[in-house]
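*Asks:* with the input below, show me the fold.
(chains A and B)
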Amino acid sequence: MTAQKLRVAITDDEAPARSRLKDLLEDIAGTLPLELVGEAANGRELLDLVQAEPVDVVLLDIRMPEMDGLEAAQHLQKLEDAPHVIFTTAYDDYALKAFDLHAIDYLVKPIRLRRLHEALLRSRSLTRLSLDVLQSIAPEPRTHLSVQERDRVILVPIAEIRFLRAELKYVTIRTPEREYLMEESLSRLEQEFASRFVRIHRNCLVAREFIESFERESGEGADTRWLVSVRGVTEKLPVSRRQQHVVKALGRNLP
Amino acid sequence: MASIEQNTRLNFLPDFRNLGVLLRVLIIVSLMTLVAAALKTYTLGDWLESTSLLAALVSPLTILSLLVLAAVGPWLRRLDARWAVALVVAIEVALCAALLRVVAHVPLEVAEQAPARYLLFTALATLAVLGYFQLRSRALSPAVSEARLQALQARIRPHFLFNSINAVLSLMRAEPRRAEEALEDLAELFRVLMADNRRLIPLARELEICRQYLALEALRLGPRLDVKWSIDPGLDDALVPPLMLQPLLENAVYHGIEPAAQPGTVTIELRHRQDKLRIGLRNPYRGEVRNQSGNRMALENIRERLQLHFDAEAELSTHAGDGVFEVTISLPLMKEER
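*Replies:* So this is what the prediction gives:
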C-alpha cells in the first residue's frame, strides 16, 4: 500500500486558495507520493469529482457558495468508499471548537507546508467521520438530501421536495418527478428542517410552501379525517387525529 | 495630555448650530415651563393657564437665546470654560431683562410680578441646561474610545485578513509583482485601522481606503465581485468619519457576494443633495443573512459614530427586499476650513 500514490482533491471557491494548495502539494510530492486528482469550487462539484474518480483525501473549505464544506462532508459519508476529509478554513471559531472536540482534522489558512504534510500522512490511518457529529456541527440545514443508488450518491435539492414519508426502515422522498429512498430518521429530518416541513402524521412531513388545500373525507359513521393536497403531486396525504391542529393553523393562511 | 484637555474644552459648550442640540434645548425648556407652572397652581385649569402665561415669556426668550448663541457660539467655545458659562448665563439674564421690559408694556400677569424672580429662574434654567449637555458629553465620550477599540477588533473581519494573506501567498511564486502590490494595500489598510480615528477625514481619503480594500477582495473573488461607483463631482473634500464606507463594503462582500455562486454587483452612490451628503450602498441579498449579529454590529458601530459626530443631523437606514440589501446614510455636508 505504501507504494501507492495518495490521491488528493482540492475544494475551495477562491481560485488563489486553490492555486496555493496546488503549490504546496507539488512541494510535498517530493517526499510523499501523491497525485492531484482534481479541483472543485463548491461541494456539489466535489461530489461529482469524487464519484468520477477514486479519491483518498479531500481538502475541503468550509465557507463556500452553493454547498458548503460541512454539508458536502455529510453527503460524502454516504459513499461506499468515502475519502478522508481534511477541512480548511481561514477563520471560523465556532467550527474549529467543534472539530477539536470531535478530533476532526482541519487546517487553518494560510496553510503551512509542514502542517499539510502531517495531515496527509495521518490521513491514511484515520477512521471515517461520523454523520451524526457532522450534522451537529453544521450551523444550518442542508441544501440537499443525498440518496444512495447503485453505488452513486444522488443529490435531491430540498427546495424540490414535496413530502417525506417514513416507511419501515426507509424514508421516501417525493419530488414532482419521482420518489427516492433514503436511510435517515424522520424525526431527525423534522428537527433539521423545522421551518420548511410540517408534520401531519406520525410518518409524514409535508413542505409548507407546497400545501394546496385541505379537504375532509368522511369515513364510516362519525369517523372523518382531513386530507392534504400538495402542489405538483397527485397523492392526498392523511392528517392524523393528533396533528389536526396543523390543519387549523395552516388553513388560515391558505388563499 | 494636551489632546484630552482639548477634547473637554471642545465638548464643554454644545454646538448651538446643531439641530439635535436645538431640539434638546427646546424640549428641556418646555418641560421646565410645565413644571414651574405646576409648582404654583393647584387645578388643571390653572396649570394650563399659568403655563401659557409663562410660555408667552419663555418661548420668545428661548428662540432669541438660540439665535444669539448660534451667532456667538464658535467664539464662546474658544474661551476658557468658566468664562464661557458665565457669559452664557449673562446673555440669558440680559435677554430676559430686555424681554420683561417689552412685556411690561403689555398687560400680562407675568409683568406685574417681581421681575427678579424671572431673572433668577432664567439663570438657574441656563445652568441646568448647560449641566445637562456637560453630563451628556461625558456619558458619550468613553464611547468614542470604545468605538476606536472596536475598529481594531471587529471592524475588519479576521476572516478577511487570513483569506487575504492566503491570496497573497498564492501569488508569491507566479506573480511576485502583484503580491507586492497586494501586501502594500494590506499594510495601508491596517495603518488606517490602527490609527486614531476620532477625527473626520476628507471623502477622497476614505474612497482611497475603499479602493485598496476592494483590490484585495478582487484578488480573492476575481470576476465574482463587480463594483459600480457613481460619485457626484465636488465631494472630494467633504468630511466624513474615517472607516465609515469600508466596513459597509466589507458587509456587502461578505453577505452579498461570497455566499452567491453567480457574480454580483455592489453599487455605491455618493450624492450631493442641498447641504447633505447622501450615501447609498446596495448589494445582492438572498433572504437569509448569515451571521447576522456581525452585520448588525458593524451597522450599529457606524450609527453610533455618526451620532457622536453629527447628533440628530446624520441618519443611517437599511432596507432589505427584492433580493437587494440597501444601506442609506445621510449626513451634513461639511468641508475643511482653510
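*Asks:* okay, now the unreliable bits of the chain?
*Replies:* Since you didn't name a chain, this refers to chain A. A:1-3, A:126, A:219-223, A:252-255 (pLDDT under 70).
*Asks:* look at chain B instead
*Replies:* B:1-12, B:104-114, B:140-155, B:287-295, B:337-338.
*Asks:* so where do the strands sit in it?
*Replies:* For chain B, the strands defined by DSSP state E occupy B:201-202, B:225-231, B:239-240, B:264-273, B:276-284, B:315-321, B:324-332.
*Asks:* can I assume residue B:51 is in contact with residue B:32?
*Replies:* No - counting by Cβ atoms under 8 Å, residue B:32 is not a contact partner of residue B:51; they are 10.9 Å apart. C-betas here are computed from N, CA, C, even on glycine.
*Asks:* which of the strands of chain B sits most buried?
*Replies:* strand B:239-240 (a mean of 24; mean count of other Cβ atoms under 10 Å in any protein chain shown).
*Asks:* residues touching that strand, excluding its own?
*Replies:* B:200-203, B:206, B:277, B:331, B:334-336 (Cβ atoms under 8 Å, 6 or more residues apart in numbering or on different chains).
*Asks:* again with stretch B:254-266
*Replies:* So stretch B:254-266 is in contact with A:13, A:42, A:63, A:65-66, B:157, B:159-160, B:217, B:221, B:223-228, B:249, B:252-253, B:281-286, B:289-291, B:294-295, B:325, going by Cβ under 8 Å, 6+ apart.
*Asks:* up against chain A, what does chain B have?
*Replies:* Residues of chain B lying near chain A by Cβ under 8 Å from any Cβ of the partner chain: B:157-159, B:161-163, B:165-167, B:169-171, B:173-174, B:219-222, B:258-261, B:290.
*Asks:* may I see the ChimeraX selection of the buried members of these?
*Replies:* Here is the ChimeraX selection string for the buried members of the residues of chain B next to chain A, based on 16 or more other Cβ atoms under 10 Å in any protein chain shown:
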select /B:157,159,161,162,163,165,166,167,169,170,171,219,220,221,258,259,260
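*Asks:* what about the residues of chain B next to chain A, which are in helices?
*Replies:* Among the residues of chain B next to chain A, the members falling in helices are B:158-159, B:161-163, B:165-167, B:169-171, B:219-221 (criterion: DSSP state H).
*Asks:* grab the two from the residues you listed that are most spread out in space.
*Replies:* Greatest spatial distance among those (Cβ to Cβ): B:158 and B:171, at 20.7 Å.
*Asks:* so residue A:80 belongs to a helix, correct?
*Replies:* No - secondary structure of residue A:80 (DSSP: H, G, I helix; E, B strand; the rest coil): coil, not part of a helix.
*Asks:* quick check: it touching residue A:151?
*Replies:* Yes - using Cβ under 8 Å, residue A:80 is in contact with residue A:151, at 6.4 Å.
*Asks:* how is the chain partitioned into domains?
*Replies:* Picking chain A for this. Structural domains of chain A, as assigned by automatic domain parsing, span the residue ranges A:6-137, A:144-251.
*Asks:* nope, chain B please
*Replies:* Split by automatic domain parsing, chain B gives B:2-139, B:156-332.
*Asks:* contacting residues for residue B:307?
*Replies:* For residue B:307, the contact set (Cβ under 8 Å, 6+ apart) comprises residue B:314.
*Asks:* any idea how far it lies from chain A?
*Replies:* Residue B:307 sits 30 Å away from chain A, going by Cβ to the nearest Cβ, to the nearest Å.
*Asks:* starting at the chain centroid, how far to stretch A:158-167?
*Replies:* 15 Å (Cα atoms, centre = their mean, to the nearest Å).
*Asks:* next one: the longest helix seen in chain A to chain centre, how far?
*Replies:* Ordering each helix of chain A by length in residues (DSSP H) puts helix A:15-29 first. Here the centre of helix A:15-29 is set off from its chain's centre by 27 Å, with Cα atoms, centre = their mean.
*Asks:* how about it: buried residues?
*Replies:* Buried, per 16+ other Cβ under 10 Å, within helix A:15-29: A:15-21, A:23-25, A:28.
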